[in-house]
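Enquirer: Pasted the sequence and its predicted model underneath.
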Amino acid sequence: MKSSNETEWPLHVPITEILPADSPRLDGVDETHARVLADAESELPPILVHRATMRVIDGMHRLRVARLKGQNTVAVRFFEGPEDLVFALAVEANIAHGKPLSLQDREAAAARIVREHPEWSDRVIAGTSGLSSKTVGAIRRRAGADLPQVQAR
């Protein structure tokens, strides 16, 4: 779901200007994982931030690493798109790299995406959440009456 609405170069932004993510991780930041990353010598990729809200889309562990290292700024790429796509983009980014989302995280994320975007096909949500379309279909059926009725998909 990488959008042309992302900046291609990292900018360095004061950490104090960045807000926490609406994370697909049910347990939030894994402090042990962040400390392992902080101990590594390699440079970490920029975090992805929704410019309109300044919320992290992808990179809460990397943001924590910057804080652990006492940095005042962090490398950022901005997403300029609509806020209603931010959570789905966060899920997709988190299944693509870094610390994997658990099955429970992915299923909860898919359920939320089904509620927020009932017009999206099971296949699109499956690709975004790292689940099978059959699993997303089951999640959609369980949501049932709670979903807005969509005439076309």
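Expert: Received, thanks.

Enquirer: In the protein, where is pLDDT below threshold?
Expert: Flagging of the chain using pLDDT under 70 yields the residue ranges 1-8, 145-153.

Enquirer: Grab the longest strand from it for me.
Expert: Ranked by residue count, the top strand of the chain under DSSP state E comes out as strand 73-79.

Enquirer: what ranges do the helices span in this protein?
Expert: 31-39, 60-68, 86-96, 103-116, 122-129, 133-143 (DSSP state H).

Enquirer: closest to His50 out of those helices?
Expert: Closest to His50 of the helices of the chain, according to C-beta to C-beta: helix 86-96, at 5.0 Å. For the C-beta atoms, the positions are set from N, CA and C on the backbone; glycine is no exception.

Enquirer: Can you tell me what sits against the closest one?
Expert: With contacts defined as C-beta atoms under 8 Å, 6 or more residues apart in numbering, helix 86-96 is touched by 1, 3, 21-25, 48, 50, 53, 55, 57-58, 79, 81, 100-101, 105-106, 109-110, 112-113, 116-117, 127-130.
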